[in-house]
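1. Turn this into a model:
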Amino acid sequence: MIFIFYKSMGYDIGASLVEEDMIELAGSLMQKAEEKGVKLILPTDVVVADKFAEDANTAVAAVDSISGDWRGLDIGPDTLDAFATEIGNANTIVWNGPMGVFEMEPFAVGTVRTAELLAEATARGATTIVGGGDSVAAVNQAGLGDKVSHISTGGGASLELLEGKELPGVAALSEDE
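-> Numbers count the residues shown, from 1 in each chain. Reported below is the predicted structural model:
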């Protein structure tokens, strides 16, 4: 998902996956965040690979230095440090979406470390919410599912609920008869 933001910024993203129809939206979201003084934190470096495979050649690259056939498959160490600082200072953390291709060991570092950071935050009293099937699978794969405050496999629905939108299933259960 991060690569739509970089593409909207005019960066070469190499062979990284991007939803072309979301690039304009990404640019709009960045503009709105800036106008409203909202801090939007994007990775500054990524682990890149020359192919989508566990045995790929890998390197760490700045997000504005990806080119050719290289593709971003995980967040990099500088980003992990920045995220650790942000999570360490937060009292409420909502996580929706893995940091990389956590199903492949070379690209699981960012996701596993993020799960560990959420578990640490929960232990110090922060509220941590993990939403979405992939995120839940990643937290459970890391053995930390019971170390966060809340888990929901409904990622989009979780975000809509937090946003205050009415969910049809919840509304139906809440109706007085």
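2. By mean pLDDT, which helix or strand of the protein comes out lowest?
-> Averaged element by element with mean pLDDT, DSSP states H and E, the chain has its least confident helix or strand at helix 155-163 (a mean of 70).
3. After that helix, which helix or strand is next? Please name it.
-> Towards the C-terminus, the helix or strand next in line after helix 155-163, according to DSSP states H and E, is helix 168-174.
4. And the contacts of that next one?
-> Under the contact criterion C-beta atoms under 8 Å, 6 or more residues apart in numbering, helix 168-174 has outside partners residue 161. Yep, even glycine has a C-beta here, placed from its N, CA and C like the rest.
5. just stretch 105-113 next, same as before
-> So stretch 105-113 is contacted by 47, 49, 54, 56, 58, 73-76, 79-80, 84, 98-102, 138, 141-142 (C-beta under 8 Å, 6+ apart).
6. Please repeat the previous calculation with a cut-off of 6 Å.
-> 58, 73, 74, 75, 80, 98, 99, 100, 101, 102, 138, 142 (C-beta atoms under 6 Å, 6 or more residues apart in numbering).
7. Which of those residues fall within helices?
-> With DSSP state H as the criterion, helices contain 80, 138 from among these.
8. Could you export the contacts of stretch 105-113 to TSV, including columns for neighbour count and pLDDT?
-> Supplementary listing: these in TSV, determined by neighbours: other C-beta atoms under 10 Å; pLDDT from 0 to 100:
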residue	neighbour count	pLDDT
58	15	97
73	25	98
74	26	98
75	28	98
80	19	97
98	25	93
99	28	95
100	23	95
101	22	96
102	24	95
138	26	93
142	19	93
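9. where along the chain do the helices fall?
-> Taking DSSP H as the test, the helices found in the chain are 2-8, 23-35, 77-89, 109-123, 133-141, 155-163, 168-174.
10. Nearest to residue 41 among those would be which one?
-> Closest to residue 41 of those is helix 77-89 (C-beta to C-beta; 6.1 Å).
11. Need the residues that contact the closest one.
-> Contacts to helix 77-89, defined as C-beta under 6 Å, 6+ apart, come from residues 43, 44, 45, 93, 113, 117, 121.
12. how distant is stretch 63-80 from the center of its chain?
-> Its chain's C-alpha centre and that of stretch 63-80 lie 14 Å apart, by C-alpha atoms, centre = their mean, to the nearest Å.
13. Could you check that stretch and say which residues are buried?
-> Buried residues in stretch 63-80, defined by neighbour count with 16 or more other C-beta atoms under 10 Å: 63, 66, 70, 71, 72, 73, 74, 75, 76, 79, 80.
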